[in-house]
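Participant: Need the 3D shape of this:
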Amino acid sequence: MGDDLLIGNETFKVVGIFDSGNVNMDMNYFMSLDNMQNIKNDKGNISFIYVKVDQDFDAKSVEESLESKYGDNMTIVTSISDLASSKDLFDMILGVSYAVSLLAVIIGVVLIINTMLTSVFDRTREIGVLKAIGWSDKRILFMIICESIVLSITAAILGTIIGVVAAEIIALLNVIAGVSVVFTIWTILEAFVIAIIVGAIGGLYPAIKAVKLPPTEALKYE
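Facilitator: Coordinates of the predicted model:
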């Protein structure tokens with residue numbers, strides 16, 4: 001709100017941000033008809049007309065009525081079918097996004113488990129010494145899980161930086177036309193919450209393995 005937006009050769013001030021629920025509509029900007037026609041250098045011409053039908057009327061019959069009167073001068077489609085196809089496409093993209101995210105989480109958990117198992121294996125003697133001097137199983141369990149969470153959060157920080165930079169570069173190069181990059185604090189927080197959960201889950205099994213190590217056997221390990 002209040003930012004300047006350069007459109008063509010003219011600068012406009014953002015006076016409002018809206019969310020219509022229609023992914024295609026939300027990618028647009030709105031201004032007075034005169035300003036838009038001046039920018040397009042297309043005075044007197046209109047590309048789209050949106051007609052809202054009252055609940056008491058049937059959209060299909062209104063479409064047929066407009067078609068019979070203006071059919072030679074315009075193409076008429078009902079917003080219901082248009083929104084339905086857009087929603088199906090959006091749902092498909094959203095489903096793919098969730099699937100990729102789930103796969104990334106699973107891979108993250110596997111990598112954390114592998115990394116922490118290697119760490120526990122390399123520190124077998126150290127863990128045996130800690131047990132020998134009186135460290136409880138809960139304390140060792142907590143130590144391993146905390147290390148796993150710290151590792152996961154560090155990866156989340158690096159991943160966030162790389163992701164933001166990559167997205168900005170893609171937007172700058174206009175690889176996907178009409179798509180802008182938007183980051184919110186909730187998106188970042190969600191990523192870090194997931195990172196903490198992944199770290200905790202990934203570190204649980206290696207931590208249990210560390211707790212089950214007999215102190216005498218661990219001390220003999222070279």
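
Participant: So for residue 8, what's the nearest residue that isn't a sequence neighbour?
Facilitator: Of all residues not flanking residue 8 in the chain, residue 39 sits nearest, at 4.5 Å (Cβ to Cβ, 6 or more residues apart in numbering). Yep, even glycine has a C-beta here, placed from its N, CA and C like the rest.

Participant: doesn't residue 6 make contact with that neighbour?
Facilitator: No - using Cβ atoms under 8 Å, residue 39 is not in contact with residue 6; the gap is 10.9 Å.

Participant: Tell me which of the two has more neighbours.
Facilitator: Comparing residue 39 with residue 6 by other Cβ atoms under 10 Å, the one with more neighbours is residue 39, at 14 against 8.

Participant: helix/strand/coil for the more buried one?
Facilitator: Recorded secondary structure, residue 39: helix (DSSP: H, G, I helix; E, B strand; the rest coil).

Participant: okay, now residue 90: neighbour count?
Facilitator: Counted with other Cβ under 10 Å, residue 90 comes out at 14.

Participant: try residue 156
Facilitator: Residue 156 - counted by other Cβ under 10 Å - has 21 other residues nearby.

Participant: And the one 4 residues further on, by the same measure?
Facilitator: A count of nearby residues for residue 160, using other Cβ under 10 Å, gives 16.

Participant: could you check the distance from it over to residue 189?
Facilitator: As judged by Cβ to Cβ, to the nearest Å, residue 160 and residue 189 stand 11 Å apart.

Participant: what do you get for residue 152?
Facilitator: 15 Å.

Participant: And residue 69, by the same measure?
Facilitator: Distance from residue 69 to residue 189, by Cβ to Cβ: 53 Å.

Participant: isn't there a strand covering residue 6?
Facilitator: Yes - secondary structure of residue 6 (three-state DSSP): part of a strand.

Participant: What does the pLDDT read for it?
Facilitator: Residue 6 carries a pLDDT score of 82 in this model.

Participant: How many residues are close by the residue lying closest to residue 45 once chain neighbours are set aside?
Facilitator: Closest residue to residue 45 apart from its sequence neighbours, by Cβ to Cβ, 6+ apart: residue 37 at 7.1 Å. Using other Cβ under 10 Å as the criterion, residue 37 is surrounded by 14 other residues.

Participant: Now for residue 37: which residues touch it?
Facilitator: 43, 44, 45 (Cβ atoms under 8 Å, 6 or more residues apart in numbering).

Participant: Quick one, which of those are buried?
Facilitator: Among the contacts of residue 37, none scores as buried (criterion: 16 or more other Cβ atoms under 10 Å).

Participant: returning to that earlier point: between residue 160 and residue 189, what contacts are shared?
Facilitator: If you check residue 160 and residue 189 against Cβ under 8 Å, 6+ apart, no residue is contacted by both.

Participant: Endpoint to endpoint, stretch 173-188 covers what distance?
Facilitator: 24 Å (Cα to Cα, to the nearest Å).

Participant: And the average pLDDT for the helix or strand where residue 118 lies is what?
Facilitator: Per DSSP states H and E: residue 118 is located in helix 79-122. Averaged over helix 79-122, pLDDT sits at 79.

Participant: Give me the helices and strands touching that helix, please.
Facilitator: helix 137-173, helix 185-211 (3 or more Cβ pairs under 8 Å, 6 or more residues apart in numbering; DSSP states H and E).

Participant: Measure how far that helix is from the centre of its chain, please.
Facilitator: 10 Å (Cα atoms, centre = their mean, to the nearest Å).

Participant: Residue 201 contacts residue 109, doesn't it?
Facilitator: Yes - under the criterion of Cβ under 8 Å, residue 201 makes contact with residue 109 at 5.5 Å.
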